[in-house]
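Engineer: mind looking at a prediction? Sequence and model below.
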Amino acid sequence: MTPYAAPVRDVRFVLEEMLEYGSLSLPGFEEASSDLVEAVLEEAARLAGEVWAPLNASGDRQGCTRRDDGGVSVPDGFAEAYRAYAEGGWNGIGVSEALGGQGLPEVVASAVQEMLHGANMALGLCPMLTAGAIEALTHHGSEAQQATYLAKLVEGSWTGTMNLTEPQAGSDLSKVRTRAVPQEDGSYRLFGQKIYITWGEHDAAENIIHLVLARKPDAPEGNKGISLFLVPKYLVKKYLVNEPLVNQDGSLGERNDVTCAAIEHKLGIHGSPTCSLSFGENGGAIGYLVGEEGRGLNHMFTMMNEARHKVGIQGIGVAERACQHAFAYALERVQGRSPRSGRNDCAIADHLDVRRMLLSMRARTDALRALALYCAAQLDVARHAADAADRKAAQARVDVLIPVVKAFSTDQAVEIASLGVQVHGGMGYIEETGAAQLLRDARIAPIYEGTNGIQALDLAGRKLQRDGGAALKGLIDQVEATAAALAANAELAPLGESLAGGAADLRAAMAAVLEAGAEPERGADAVQAYATPFLSLAGHVLCAWQMGRAALAASAAQATGSDDPFYRAKCQSADYAIRQWLPVGRAQRAVIEAGMASLAAFDAATQ
């Protein structure tokens, strides 16, 4: 497999020239600087390229092994690579200093996570889930739970998981049956089975903290009966409700009654131990209520929103690696006659259709990265801005953007990785080249943390309907402002025209979805029917917007006399994204409008 080089220059372009390091000006980041961020990115690139990336292919081939004692061994080198990550303080890069973290902006933490996922997606899943556990406990854990668990999670010596899915309850979590039986000391005994638990059992860290959805025996049916429980692999304290003491000698306690029943055999991410976990085979797994009883789903969504943004980042990391892999192969593979030089021994990169695929991969990856980091920057504003109104407005933008970042980025990552296989031709279908692994790994991302259809329903249903589209309208206003700025530049004017058309399409489609959703009889059906094409349209337009901003930034650099080929490449990517890729997304408006007309005709015919 082609060596992976973290895209530091591309990331810096987004942070420095598109976002202008805006997060660094927020309260709480006074000690951070652009020089510090650049040093962090360079060191993260070294860790990703030199330590994590070389294990990607070998981890895929070796996979994980369930031992006779129920434990799981991860691939050779994975535990050491994870410990290098944890010992370097990377697990707490975006966590506040008060909790033992580095206290850097979320936008920087997200950029680092892209590098790690690009280097080794299977390994990157471990800290991604831990970050979600930290977020959930920070918001909903008791003081005792935070004092006992957060420091170890932040430093990375303990890892975290999410336990939602059960054999009979996939996306419909109202069907969860895992039981939590109250005990006299305030703890609970859990009984049940969870499936698809990422890094649910492993030997890379000394303890695993499971966050588990379950219901008390007397809980009502449905979502309101579900609570959230913390279940450690090893008991780490004598749990006295008001006195959170670790064992007197500071060591871990006894093994809890949670075991790995099996490792899932998956299409990809073979280096990630995806487990079926059994709780309570020997008297019940000891667990502790997190937050309020009956609000488990609400509390878990704190963790899931964090994870959904990072899944989008994960897809972008794999897309970047697929780009690098395809470009390297296309430059070295000799085949055919060059349409430019006429030589019969040209690299396939000379063939125009190959160049089209490469440009498509690069432009889309650039666009996805810019949108995801813009979303992360808005998260920084939502958490740290001094003005409450600014925080509220930023959070509204984040709420709209997260389903787009998760769903659109991962769908596109699969397409980009598939194009990478196509660039390789027959060799792409052969495992030894590594292109197939990237496609296999990327394919899970549109499914987990809420399938992409669920993300589309979240956008078109919950997010759009609850504020009448106000947050998305604000984003479209910004798209139109960028289109106007492009139109005012003679060289970029064609991009402005196309982007303005995309903004108009998204505004019209939004109005149609809002109108259909407001109808008392078929509103919910209409939203469900057209949520996915609507999210696709939104993703294309918002990504094209970011590439319009990239074109403006690159053009400004060129106007100062820079002849750096990097800026020429950014302008080429922007041109492709806005004039050739955006029209594919704009076609979704016609899909939505035709479908709504068909739905209305069907209703009339069946009355």
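Structural biologist: Arrived safely.

Engineer: show residues contacting stretch 26-34.
Structural biologist: 16, 21, 23-24, 96, 103-105, 108, 380-381, 384-386 (Cβ atoms under 8 Å, 6 or more residues apart in numbering). All C-beta atoms are positioned from the backbone trio N, CA, C, and that covers glycine.

Engineer: cutoff 10 Å now
Structural biologist: For stretch 26-34, the external contacting residues (Cβ atoms under 10 Å, 6 or more residues apart in numbering) are 12, 15-16, 20-21, 23-25, 36-37, 39-40, 96-97, 102-105, 108, 377, 380-381, 383-386, 390.

Engineer: and stretch 300-317, how far from the chain's centre?
Structural biologist: 3 Å (Cα atoms, centre = their mean, to the nearest Å).

Engineer: just the mean pLDDT for it, thanks.
Structural biologist: Mean pLDDT, computed over stretch 300-317, is 90.

Engineer: any buried residues in that stretch, and which?
Structural biologist: Using 16 or more other Cβ atoms under 10 Å as the test for burial, stretch 300-317 gives 300, 302-317.

Engineer: show me where this structure has strands.
Structural biologist: 65-66, 72-73, 158-163, 179-182, 188-198, 207-214, 227-232, 237-240, 243-246, 258-263, 274-279, 285-290 (DSSP state E).

Engineer: can you name every helix or strand that the third one contacts?
Structural biologist: When you say that, I think you mean strand 158-163. helix 78-87, helix 121-140, helix 151-155, strand 188-198, strand 207-214, strand 227-232, strand 274-279, helix 296-332 (3 or more Cβ pairs under 10 Å, 6 or more residues apart in numbering; DSSP states H and E).

Engineer: and if we set it to 6 Å?
Structural biologist: When contacts are defined as 3 or more Cβ pairs under 6 Å, 6 or more residues apart in numbering; DSSP states H and E, strand 158-163 packs onto helix 121-140, strand 188-198, strand 207-214.

Engineer: write a ChimeraX command that selects only the buried members of the contacts of stretch 26-34.
Structural biologist: Filtering those down to the buried ones (16+ other Cβ under 10 Å) takes a single ChimeraX command:
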select :12,15,21,23,24,37,40,96,102,103,104,105,108,377,380,381,383,384,385
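
Engineer: about what we covered before: can you list the helices and strands packed on strand 158-163 in a markdown table and add mean pLDDT?
Structural biologist: Converted to a markdown table, the helices and strands packed on strand 158-163 look like this (pLDDT from 0 to 100):
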| stretch | mean pLDDT |
| --- | --- |
| helix 121-140 | 95 |
| strand 188-198 | 97 |
| strand 207-214 | 96 |
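
Engineer: using TSV, lay out these together with mean neighbour count.
Structural biologist: As requested, the helices and strands packed on strand 158-163 are exported to TSV (neighbours: other Cβ atoms under 10 Å):
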stretch	mean neighbour count
helix 121-140	24
strand 188-198	22
strand 207-214	26
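
Engineer: tell me which of these sits nearest to Val513.
Structural biologist: helix 121-140 (29.8 Å; Cβ to Cβ).

Engineer: lowest average pLDDT across the strands of the chain?
Structural biologist: Among the strands of the chain, strand 243-246 has the lowest mean pLDDT, at a mean of 40.

Engineer: what sits up against stretch 296-308?
Structural biologist: With contacts defined as Cβ atoms under 6 Å, 6 or more residues apart in numbering, stretch 296-308 is touched by 132, 135-136, 139-140, 162, 213, 223, 226-228, 291, 402, 406, 449.

Engineer: residue contacts, Asn120?
Structural biologist: Contact analysis of Asn120 by Cβ under 6 Å, 6+ apart lists Trp52, Leu55, Asn56.

Engineer: just put those residues in JSON lines and tack on pLDDT and neighbour count.
Structural biologist: Converted to JSON lines, the contacts of Asn120 look like this (pLDDT from 0 to 100; neighbours: other Cβ atoms under 10 Å):
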{"residue": "Trp52", "pLDDT": "98", "neighbour count": "28"}
{"residue": "Leu55", "pLDDT": "98", "neighbour count": "22"}
{"residue": "Asn56", "pLDDT": "98", "neighbour count": "23"}
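
Engineer: nearest to Ala144, of the residues you listed?
Structural biologist: Nearest member of the contacts of Asn120 to Ala144, counting by Cβ to Cβ, is Trp52, at 35.0 Å.

Engineer: so how far is Ala79 from that closest one?
Structural biologist: 12 Å (Cβ to Cβ, to the nearest Å).

Engineer: over to Val212?
Structural biologist: In terms of Cβ to Cβ, Val212 sits 24 Å off from Ala79.

Engineer: distance to Ala151 added to the helices and strands packed on strand 158-163, as JSON lines?
Structural biologist: Below are these laid out as JSON lines (distance: least, Cβ to Cβ, whole Å):
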{"stretch": "helix 121-140", "distance to Ala151": "10"}
{"stretch": "strand 188-198", "distance to Ala151": "23"}
{"stretch": "strand 207-214", "distance to Ala151": "12"}
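
Engineer: looking at the ones you listed, spot the one closest to Thr482.
Structural biologist: Taking these one by one with Cβ to Cβ, helix 121-140 is closest: 31.2 Å.

Engineer: which other residues reach that closest one?
Structural biologist: Contacts for helix 121-140 (Cβ under 6 Å, 6+ apart): 52, 59, 78, 91, 116-117, 146, 150, 153, 159-161, 198-199, 209, 211, 269, 271-272, 290-291, 299, 302-303, 306-307, 310, 318, 441.

Engineer: now do it: distance to the chain's middle.
Structural biologist: Centroid displacement of helix 121-140 relative to its chain, using Cα atoms, centre = their mean, is 12 Å.

Engineer: now stretch 47-59
Structural biologist: 20 Å.

Engineer: show me the contacts of Asn120 that map onto helices.
Structural biologist: Of the positions in the contacts of Asn120, Asn56 sit in helices, assigned by DSSP state H.

Engineer: as JSON lines, the contacts of Asn120 with distance to Thr2 would be great.
Structural biologist: As requested, the contacts of Asn120 are arranged in JSON lines below (distance: Cβ to Cβ, whole Å):
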{"residue": "Trp52", "distance to Thr2": "15"}
{"residue": "Leu55", "distance to Thr2": "15"}
{"residue": "Asn56", "distance to Thr2": "11"}
